[in-house]
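Asks: Starting from these lines, generate the structure:
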Amino acid sequence: MHRTIIALLLLSSILWADLEYGSFELDGYERDYIVFLPENFEPGLPLVFNLHGYGGTAEWQIEHTLMNQVADTANFVVVYPNAINTVWNSGISNNPNYPAPDVDDVAFISALIDTVYANYQINLDRVYTCGMSNGGFMTLKLVCELNNRFAKAASLAGAMTNALMNDCDSALPIPMLLMHATGDSIVLYRGSEYWSSADETLGHWVDFNGCYYEADTLSLPDIDLSDECTVDVIQYNDCDDNSEVVMYILNNAGHTWPGWGEEYETGTLAFLGATIRDITADVEIWNFFNSERFEIRGIWGNDLLVNSIYADPSIDSLEITATITNTHDHAYEAYAILKNMDSTLVDSFQLFDDGLHNDGEAGDGLAKALVPALQTESHIFVQTTTLDIDEGRYFGPHDYARFTTVGPLANQALVQLHPAEGAIAPNSNIYFNLYIENLGSMGTAEDIIVNIHPADTNSTLVSGTSSAAFEDIPAGEIRSSLTYFVLRTGADVEDGTPIRFNIEISSQGVTYWEDSGIILGYVGIEDERPGIPLSYSLDQNFPNPFNPTTTISYDLPEQSMVNLAVFDIQGQEVMMIQDAAKSPGNYEVQWNGLDQSGNQVSTGVYFARLNAGKFSQTIKMLYLK
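Replies: Alright, predicted model coming up:
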């Protein structure tokens with residue numbers, strides 16, 4: 001046996017690290033490994049095996065995980081063994097796509113425990129093993145065949161092979177940590193004909209460890225919003241011999257090590273899929289290994305929801321809800337933090353779970369904040385923060401939701417380009433431009449994209465012409481689409497059939513506004529159209545200012561449930577003018593300055609809002625005595 005000692009800086013966050021390379025002969029093979037010693041190494045430290053994946057190496061595993069950083073901080077030894085021909089004989093070779101050498105890797109790991117103990121006097125009662133992919137499969141095989149030598153184990157992206165499922169009965173109960181990604185395209189979450197699914201692997205260890213009661217489940221906070229992944233944890237605590245089984249479900253993540261940097265998603269490893277960065281696997285594994293009884297502590301908000309994607313800043317209040325996870329039932333406060341897209345603070349509002357804020361029953365975990373009209377136009381995002389009062393700890397920010405007070409943006413008109421104001425024929429392409437108006441009073445809507453969708457089966461989309469960009473639209477102004485739209489009429493549509501479509505309007509990549517039932521035209525009708533509006537609209541009242549009466553006009557392109565109401569500057573409803581189903585057409589109604597009780601309102605600013613279908617628009621009115 002020989003060893004070479006090398007001192008180096010492994011990563012910038014490690015000031016000093018000691019790697020030792022070693023090898024010995026076993027069954028005719030030269031077996032080699034790397035040992036990491038923490039800066040404060042001393043005899044009696046715990047030992048963690050970190051097994052590489054299929055085609056990997058010990059060096060690759062060191063480079064692509066953060067285990068040495070964790071070990072240097074927590075003071076334990078890590079050993080990185082190398083498989084023969086970079087493949088562990090873990091039982092996966094029954095799949096012809098993954099051949100493996102016919103070697104006894106279980107005997108190698110057992111001999112390596114003895115070797116590391118002889119050289120470093122590690123604590124034999126605190127030997128742990130983990131690995132990913134083929135290393136995760138090998139970890140499960142070691143637990144089945146050598147678990148008297150391990151205190152705990154963690155398998156990432158591994159599964160029980162068919163043979164192992166039927167040949168693991170002699171092992172003793174052992175605490176197990178499993179991690180599997182739902183978007184893993186290499187070791188599928190649903191399993192394959194050669195190995196079990198993630199759920200079946202979990203079920204095996206739950207049964208094997210004699211876990212009697214149902215699991216505790218919780219969703220971890222969505223800390224890194226850019227990874228588009230989340231984590232759910234399933235935990236079985238009441239198992240034989242004080243064992244436990246914990247599974248991390250990595251939603252939307254791929255065949256990657258949790259905590260990898262973003263560079264791996266764009267380089268040669270991008271094919272492996274998304275990397276979750278809400279957790280770091282090395283930290284979670286060591287916390288599991290190092291705890292007498294594994295637990296996740298904290299208070300955080302999930303399932304953040306704003307009740308409307310658009311809010312009129314003059315009159316619309318909002319409701320923000322979140323599901324609060326409180327792992328130890330501590331006293332807490334939770335807040336919704338509102339920020340502009342440049343992260344400047346808009347405001348913060350407390351989330352209540354007391355049954356007094358339209359939040360359901362007190363203490364049911366559903367917390368709600370009531371947000372008054374914000375009186376500003378901006379795109380806004382929301383996150384939650386929590387304060388654990390018992391421990392004096394803050395958590396967050398967590399989760400993410402967006403809404404806007406800009407606009408609203410709505411279709412103001414369309415111009416048919418071809419055939420130019422001519423009859424719309426069946427089975428034909430109709431070319432047109434849209435004109436979008438910013439109905440707000442302050443904010444400019446930027447990076448505008450409009451997508452169209454047929455409202456029924458009378459037309460279909462034409463590839464490449466269902467989306468168009470617009471120039472930025474300042475408040476009160478109108479812009480035309482920079483490119484044309486095209487709809488193709490159906491082959492069998494009859495004369496007089498309206499061609500309708502819906503639109504979605506996005507700003508900076510988020511859809512905030514919608515309009516439905518816009519009429520492009522009528523099949524077979526040339527140079528004239530029925531007296532039906534092409535789109536919804538709410539016109540400015542006239543006269544304005546007014547006393548004692550003003551006229552409000554609006555247009556409906558289709559049968560709609562109409563709600564037309566007047567609000568004061570505090571957002572309180574003053575008068576419901578109309579609340580009824582209306583046919584398509586042009587309408588005028590009058591408001592005489594009276595409230596719902598017949599009392600004359602005070603001089604001041606009022607708002608009229610029209611809600612019809614998905615359309616909503618507000619105008620400002622000034623009443624003078």
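Asks: Can you list phi and psi of C144 for me?
Replies: When read as degrees, to the nearest 10, the backbone of C144 gives phi -70, psi -40.
Asks: Now it: closest residue in space that isn't a chain neighbour?
Replies: C168 (3.8 Å; C-beta to C-beta, 6 or more residues apart in numbering). C-betas here are computed from N, CA, C, even on glycine.
Asks: what do you get for N95?
Replies: Y194 (4.1 Å).
Asks: where does the one you found sit relative to A159, distance-wise?
Replies: Y194 sits 9 Å away from A159, taking C-beta to C-beta, to the nearest Å as the criterion.
Asks: go on, Y554?
Replies: 61 Å.
Asks: In terms of neighbours, single out the busier of these two.
Replies: Neighbour comparison, Y554 and A159: the larger count goes to A159, with 29 against 24 (by other C-beta atoms under 10 Å).
Asks: end to end, how far does stretch 302-316 reach?
Replies: In stretch 302-316, first residue to last residue: 24 Å (C-alpha to C-alpha, to the nearest Å).
Asks: same thing with stretch 344-358?
Replies: Distance between the two ends of stretch 344-358: 29 Å, counting by C-alpha to C-alpha.
Asks: Equivalent analysis for stretch 365-376, please.
Replies: First residue to last in stretch 365-376 (C-alpha to C-alpha) measures 31 Å.
Asks: Tell me how far it lies from the chain's centre.
Replies: Centroid separation for stretch 365-376 versus its chain: 22 Å, with C-alpha atoms, centre = their mean, to the nearest Å.
Asks: just stretch 90-97 next, same as before
Replies: 34 Å.
Asks: That stretch: which residues count as buried?
Replies: By neighbour count on 16 or more other C-beta atoms under 10 Å, the buried set for stretch 90-97 is 90-93.
Asks: Just confirm L366 contacts D354, I think it does.
Replies: No - with contacts counted by C-beta atoms under 8 Å, L366 stays clear of D354, the gap being 10.9 Å.
Asks: Quick check on these two: which one has the bigger neighbour count.
Replies: L366 (17 against 11).
Asks: What about that one? Give its phi and psi, please.
Replies: Dihedral angles (degrees, to the nearest 10) for L366: phi -100, psi 110.
Asks: Please give me every residue in contact with it.
Replies: 321-324, 353, 359-360 (C-beta atoms under 8 Å, 6 or more residues apart in numbering).
Asks: do the same with A159
Replies: A159 neighbours (C-beta under 8 Å, 6+ apart): 136-137, 140, 180, 187, 191, 195-198, 200-201.
Asks: can we see that at 7 Å?
Replies: By C-beta atoms under 7 Å, 6 or more residues apart in numbering, the residues touching A159 are 137, 187, 191, 195-196, 198, 201.
Asks: Equivalent analysis for V87, please.
Replies: V87 sits in contact with 54, 100-101, 134, where contact means C-beta under 7 Å, 6+ apart.
Asks: how close does it get to Y54?
Replies: 6 Å.
Asks: and for these two, which residues touch both?
Replies: Joint contacts of V87 and Y54 (C-beta under 7 Å, 6+ apart) are N134.
Asks: Pull out the buried residues from the strand or helix carrying V562.
Replies: Taking DSSP states H and E as the definition, V562 sits inside strand 560-568. Across strand 560-568, burial judged by 16+ other C-beta under 10 Å covers 560, 562, 564-568.
Asks: just for the stretch 501-625 of the chain, where's the confidence low?
Replies: Residue ranges of the stretch 501-625 of the chain with pLDDT under 70: 525-532.
Asks: Report how many residues lie close to the closest residue to D232 other than its chain neighbours.
Replies: Nearest non-adjacent residue to D232, counting by C-beta to C-beta, 6+ apart: I249, 4.4 Å away. I249 has 21 neighbouring residues, counting by other C-beta under 10 Å.
Asks: Quick check: what element follows the host helix or strand of I249 along the chain?
Replies: Per DSSP H and E, I249 falls inside strand 245-251. Note on strand 245-251: by DSSP H and E, the next helix or strand toward the C-terminus is helix 281-290.
Asks: So which bits of stretch 144-160 are buried?
Replies: For stretch 144-160, by 16+ other C-beta under 10 Å, it's 144-147, 149-160.
Asks: same question, stretch 331-340
Replies: 332, 334-339.
Asks: Excluding residues flanking it in the chain, which one is nearest A455?
Replies: R500 (3.9 Å).
Asks: do the same with V462
Replies: With sequence-adjacent residues excluded and distances taken as C-beta to C-beta, 6+ apart, V462 is closest to V486, at 4.1 Å.
Asks: In contact with the one you found, which residues?
Replies: With C-beta under 7 Å, 6+ apart, V486 has these contacts: 429-431, 462, 465.
Asks: if we go to 8 Å?
Replies: Counting by C-beta under 8 Å, 6+ apart, the residues that V486 touches are 429-432, 461-462, 465-466.
Asks: The host helix or strand of it pairs with which strands, and in what direction?
Replies: Following DSSP H and E, one finds V486 within strand 485-489. If you go by DSSP bridges, strand 485-489 pairs up with strand 429-438 (antiparallel), strand 459-461 (antiparallel).
Asks: Give me the buried stretch members for the first one, please.
Replies: Put plainly, it is strand 429-438. Applying 16+ other C-beta under 10 Å to strand 429-438 flags 430-434, 436-438 as buried.
Asks: same thing with the shortest one?
Replies: Residues of strand 459-461 classed as buried under the neighbour-count rule (16+ other C-beta under 10 Å) are 459, 461.
Asks: contacting residues around the helix or strand just after that strand?
Replies: Using DSSP H and E, the helix or strand that follows strand 459-461 in sequence is strand 467-470. Residues outside strand 467-470 that contact it (C-beta under 8 Å, 6+ apart): 434, 436, 448-452, 479-485.
Asks: Ramachandran angles for E200?
Replies: With angles defined as degrees, to the nearest 10, E200 sits at phi -70, psi -40.
Asks: ugh, typo on my part, it should be S480
Replies: Per degrees, to the nearest 10, the backbone of S480 is at phi -90, psi 150.
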